[in-house]
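# Quick one, what's the 3D model for this:
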Amino acid sequence: IGSGVTKVLISGVIAFEQITVAGNRRAIICKNSYSAANTLGWAADTLAVSDAKSLVIPPQLVNVQEGDTIGLYYWTQQSTDQIGGNEYGGRTSLTVEVVA
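Numbering: from 1, shown residues only. Purely as a prediction, here's the structure:
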């Protein structure tokens, strides 16, 4: 986050390719580092084998200060997932819009 920025609007989406192991998935946006205390927004779902789905984190207005970082994280108990994307950011993306 740059100088003079105090509020940002964040949102995100993580798109999964075809799921091969059923279970819980979470998309999480955090400020500065991954932790429950730093979580700004999240989405979760339980996915079945063969699902191809996106987890969408709706826009959230958050306070920030110079030097903060915003990151999109993915959590699961499985390790075989493939995250999909494209050149336009329409499938997996993090958006940070300066408001003030």
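# what does the one helix or strand residue 94 maps to contact?
Counting by DSSP states H and E, the element that carries residue 94 is strand 93-98. Residues outside strand 93-98 that contact it (Cβ atoms under 8 Å, 6 or more residues apart in numbering): 5, 7-13, 29, 70-72, 85. For glycine as for every other residue, the C-beta is placed from the backbone atoms N, C-alpha and C.
# Figure out how far the helix or strand of the chain with the lowest mean pLDDT is from the centre of its chain.
Lowest on mean pLDDT, DSSP states H and E among the helices and strands of the chain sits strand 83-84, with a mean of 79. With Cα atoms, centre = their mean, to the nearest Å as the basis, strand 83-84 stands 12 Å off its chain's centre.
# Residue nearest the middle of the protein, spatially speaking?
Centroid-nearest residue in the chain, with Cα atoms, centre = their mean: residue 72, separated by 3.8 Å.
# May I see the buried residues of the strand holding residue 94?
94, 95, 96 (16 or more other Cβ atoms under 10 Å).
# What is the end-to-end distance of stretch 55-71?
15 Å (Cα to Cα, to the nearest Å).
# Write a PyMOL command that selects only the buried members of the contacts of strand 93-98.
The buried subset of the contacts of strand 93-98, as determined by 16+ other Cβ under 10 Å, is captured in PyMOL by this line:
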select buried, resi 8+10+11+12+13+29+70+72
